[in-house]
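# Please find the sequence and the predicted model below.
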Number of protein chains: 2
Amino acid sequence: MYSDSEENYLKAIFHLERFSKEGVSTNAIAEQMHTKASSVTDMLKKLADKKLVNYVKYQGVTLTNQGKKTAAAIIRKHRLWEVFLVEKLDFSWDEVHEIAEQLEHIESDLLIEKLDKHLDFPKFDPHGDPIPSKEGTFPQRNKVLLSEMNVGDSGVCVGVKDTSSSFLKFLDKNKIALGKSITVIEHEEFDDSLHIKVGNESIRISNIIASNLYLKTN
Amino acid sequence: MYSDSEENYLKAIFHLERFSKEGVSTNAIAEQMHTKASSVTDMLKKLADKKLVNYVKYQGVTLTNQGKKTAAAIIRKHRLWEVFLVEKLDFSWDEVHEIAEQLEHIESDLLIEKLDKHLDFPKFDPHGDPIPSKEGTFPQRNKVLLSEMNVGDSGVCVGVKDTSSSFLKFLDKNKIALGKSITVIEHEEFDDSLHIKVGNESIRISNIIASNLYLKTN
DNA sequence: AAATATATTTAGACAAGACTAAAAAAGTTA
DNA sequence: TAACTTTTTTAGTCTTGTCTAAATATATTT
């Protein structure tokens, strides 16, 4: 249907659209894709011809409904494969992204349906990110950054903002994982670091760390 | 490492090499790949530059050791994915080929090791074809075509020669599957059709069918 | 508003992989 | 061996996706 490259552009635009109120800029896409602005312009014209984006010269782009639907389908595949790699093949959560980048382009609706079933219809991937439904809707969860919680509050770890390998390895080392219960014991005014309880152990973490961890509070 | 296209050519040459004593002809490859002879010539030059094939103008090609190793690795991936699709995702054996054609190009040694382990190190794929080891060696099994067995002989179905969807569906319909025990009851001289026992039922099959079914006899 | 800086697009090029049409080599037949 | 047929290669073109360099549009300063 669409080439790997086209799919990657759609995915990039989809992610960038959440942060910009306006259309997504050519340069932003170029940076995200590690490519040149001129290449982006070329591709935007192609995507516009295929009715996947609304493109006006010099004004940036937005995804059309068709574009959004397609992007969601790719993200769905990516995240389902990540669940598979972690749950079934025993990968750790920092190893799966690159492989899922390849697997997300495999074309077979039946395959994804069967994979979804095999994994028992997961709603969130190993990093806590929502897996869109077949129809393209994202499951919501009221989550809050650990850095924004008050002393005494507690919650369950449901996601990370930064998914870099180094951050995920840090979490592993400190026994922080999805599903773990966390309570804020103390807040250090000076540098906004936190003293928290994870399971039965208590540790101190910097504000940087706390700003990249999502907890479910209710 | 190598492009999808290069990998597909290597695979095609590998399969064709088993039937021709000489080098594989350009036309044979073109037919196998559903492409034109001129495209094949172009690619053979590229593969020769990369030391994957021995190519002499007008003389056809053979794979180098490096080429054989690479081809075996791709076949290994293809067949492991086929096992996964059938065993874990509940596909039937006639549905898996096209999807495995895509999955075989995913690049990650670790992925294949973990998949192999997850599947409990299978030695044969759902069609009974051998899965090469990481080192590129193919497990052997002494198998014989059903059409070459004598009345009274029996064996266990271990593979098919024709893997077309229509043939596999025919087998399903007649309850013939890998692992099933088959005994030759009667041989019809006139058209070489057979009367056989499959499990507890007995059926008649044409010589065409019998010439595409492998049994393990020992 | 003019000058400058930044962002974006255009023009032209390249590599991979495919194709068509024509030329050349190899194989076959008379 | 000459004539014909088939196979293979060459030459030139096309598409996709990328790039650099140059041109143009937009944004920011002064």
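That came in fine, so what should we check first?

# Write out the residues of chain A neighbouring DNA strand D.
A:3-6, A:35-36, A:38-39, A:42-43, A:46, A:58 (Cβ under 7 Å from any atom of the strand). Every residue, glycine included, has its C-beta placed from N, CA and C.

# Identify the farthest-apart pair in these.
Maximum pairwise distance among those (Cβ to Cβ): 27.8 Å, between A:Asp4 and A:Tyr58.

# element containing A:Lys117, please.
Taking DSSP states H and E as the criterion, A:Lys117 maps to helix A:109-118.

# Can you dump the C-alpha atoms of that helix in CSV for me?
This file holds the C-alpha atoms of helix A:109-118, laid out as CSV (Å, rounded to 0.1, in the frame of the first residue of the first chain):
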residue,chain,number,x,y,z
ASP,A,109,-4.0,-7.2,8.6
LEU,A,110,-4.6,-10.9,9.6
LEU,A,111,-1.1,-11.1,11.1
ILE,A,112,-1.8,-8.1,13.4
GLU,A,113,-5.2,-9.4,14.4
LYS,A,114,-3.7,-12.8,15.3
LEU,A,115,-0.8,-11.2,17.1
ASP,A,116,-3.2,-9.0,19.1
LYS,A,117,-5.1,-12.0,20.2
HIS,A,118,-2.0,-14.0,21.0
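
# For stretch A:134-150, what is the distance to the chain centroid?
With Cα atoms, centre = their mean, to the nearest Å as the basis, stretch A:134-150 stands 11 Å off its chain's centre.

# So for that stretch, what gets flagged as buried?
Neighbour counts over stretch A:134-150 (16 or more other Cβ atoms under 10 Å in any protein chain shown) mark A:143, A:146-147, A:149 as buried.

# on that earlier part again, neighbour count winner among A:Asp4 and A:Tyr58?
More crowded of A:Asp4 and A:Tyr58, by other Cβ atoms under 10 Å in any protein chain shown: A:Asp4, with 13 against 6.

# mind listing the helices for chain A?
A:4-17, A:26-33, A:37-49, A:65-87, A:97-103, A:109-118, A:165-173, A:207-210 (DSSP state H).

# List of residues touching the shortest one?
Translated: helix A:207-210. A:145-147, A:167, A:170, A:191-194 (Cβ atoms under 8 Å, 6 or more residues apart in numbering or on different chains).

# Tell me the spacing between the residue of chain A most remote from its centre and A:Ser202.
The outermost residue of chain A, judged against the average C-alpha position, is A:Phe190 (31.3 Å), by Cα atoms, centre = their mean. Distance, A:Phe190 to A:Ser202, by Cβ to Cβ, to the nearest Å: 19 Å.

# Phi, psi for A:Leu89 please.
A:Leu89 adopts backbone torsions of phi -100, psi 0, taken as degrees, to the nearest 10.

# from what I can see it touches B:Leu111, true?
Yes: with contact defined as Cβ atoms under 8 Å, A:Leu89 reaches B:Leu111; the gap is 7.3 Å.

# higher neighbour count, these two?
B:Leu111 (22 against 17).

# wait, what's in contact with the more buried one?
Counting by Cβ under 8 Å, 6+ apart, B:Leu111 touches A:85, A:89, A:99.

# and of those residues, the nearest to chain B?
A:Leu89 (4.2 Å; Cβ to the nearest Cβ).

# Excluding chain neighbours, what is closest to that closest one?
Nearest residue to A:Leu89, sequence neighbours excluded (Cβ to Cβ, 6 or more residues apart in numbering or on different chains): B:Lys114, at 4.2 Å.

# Grab the most central residue of chain A for me.
Nearest to the geometric centre of chain A sits A:Asp129, at 5.0 Å (Cα atoms, centre = their mean).

# Look up how far DNA strand C lies from it.
Applying Cβ to the nearest atom of the strand, to the nearest Å, the value for A:Asp129 to DNA strand C is 27 Å.

# what do you get for A:Lys46?
12 Å.

# Repeat that for A:Ile205.
Using Cβ to the nearest atom of the strand, we find A:Ile205 at a distance of 34 Å from DNA strand C.

# Quick check: bridge partners of the closest residue to that residue other than its chain neighbours?
Leaving aside its sequence neighbours, A:Ile205 sits nearest to A:Leu194 (Cβ to Cβ, 6+ apart; 5.5 Å). Beta-bridge partners for A:Leu194, by DSSP bridges, are A:His187, A:Ile205.

# Now do the contacts for A:Leu194.
A:146-147, A:184-188, A:204-205, A:207, A:210.

# nearest to A:Thr26, of those?
A:Thr26 lies nearest to A:Ser147 out of these, by Cβ to Cβ, at 33.0 Å.

# The closest one: what's it in contact with?
Neighbour list for A:Ser147: A:192, A:194, A:207, A:210-211, A:213 [criterion: Cβ under 8 Å, 6+ apart].

# Alright, that wraps it up for me.
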